[in-house]
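*Asks:* Output the structure for:
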Amino acid sequence: MTLTMSIPALLFPAISLTMLAYNARYLAIAALIRQLHSEYLSSPSKNIGLQIKNLRKRLWLIRNMQAIAIISFLTSVITMFLLYVEHMNWANIVFGVSLFCLMMSLFLSFVEVQISTKALAIRLDRIEENK
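*Replies:* Residues are numbered from 1 along each chain as shown. As a prediction, the model looks like this:
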């Protein structure tokens, strides 16, 4: 397969949209952490402490998802530069790194969604127990 400028350029919108989604998740978690912090200060409980621990893990995942997506974006740009200066072998290698980073970022996103869903399920179970 011949790598052309249009192939790494196809990743630009995908990575940009992915970054927007990651940023939205980060902002939602940041707001939740602030809310839980104020709740914890007014009435400390083990439950809130466990939720904060869960959110810390999710925050770590989101930070790394964003960092790896940025590396993917950067390596796509480097690929285009290497294609421009006609270093095809390096361009192929760097583009492979870009795709691998995008896959890793998406995998971390999958893990974060699983943790988020599990946390919501636990909260729903507690709500149903209080009925």
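*Asks:* buried ones in the strand or helix carrying Thr75?
*Replies:* Using DSSP states H and E, Thr75 sits within helix 46-84. Of all the residues in helix 46-84, those buried under the rule 16 or more other CB atoms under 10 Å are 48, 51, 54-55, 58-59, 61-62, 65-66, 68-69, 71-73, 75-76, 78-80, 82-83. For glycine as for every other residue, the C-beta is placed from the backbone atoms N, C-alpha and C.
*Asks:* could you give the mean pLDDT of that helix?
*Replies:* The average pLDDT for helix 46-84 rounds to 91.
*Asks:* How far off centre is the helix or strand that it is followed by?
*Replies:* Per DSSP H and E, helix 46-84 leads on to helix 88-129 as the next helix or strand towards the C-terminus. Between the centre of helix 88-129 and the centre of its host chain there is 6 Å, according to CA atoms, centre = their mean, to the nearest Å.
*Asks:* helices or strands up against helix 88-129?
*Replies:* helix 6-42, helix 46-84 (3 or more CB pairs under 8 Å, 6 or more residues apart in numbering; DSSP states H and E).
*Asks:* what angle do that helix and helix 46-84 make?
*Replies:* Orientation check (axes from the mean of the first three to the mean of the last three CA atoms, to 10 degrees): helix 88-129 against helix 46-84 gives 160 degrees.
*Asks:* wait, what's in contact with the spatially most central residue of the chain?
*Replies:* Centroid-nearest residue in the chain: Met65, 3.2 Å away (criterion: CA atoms, centre = their mean). Applying CB atoms under 8 Å, 6 or more residues apart in numbering to Met65 gives the contacts Tyr22, Ser105, Leu108, Ser109, Glu112.
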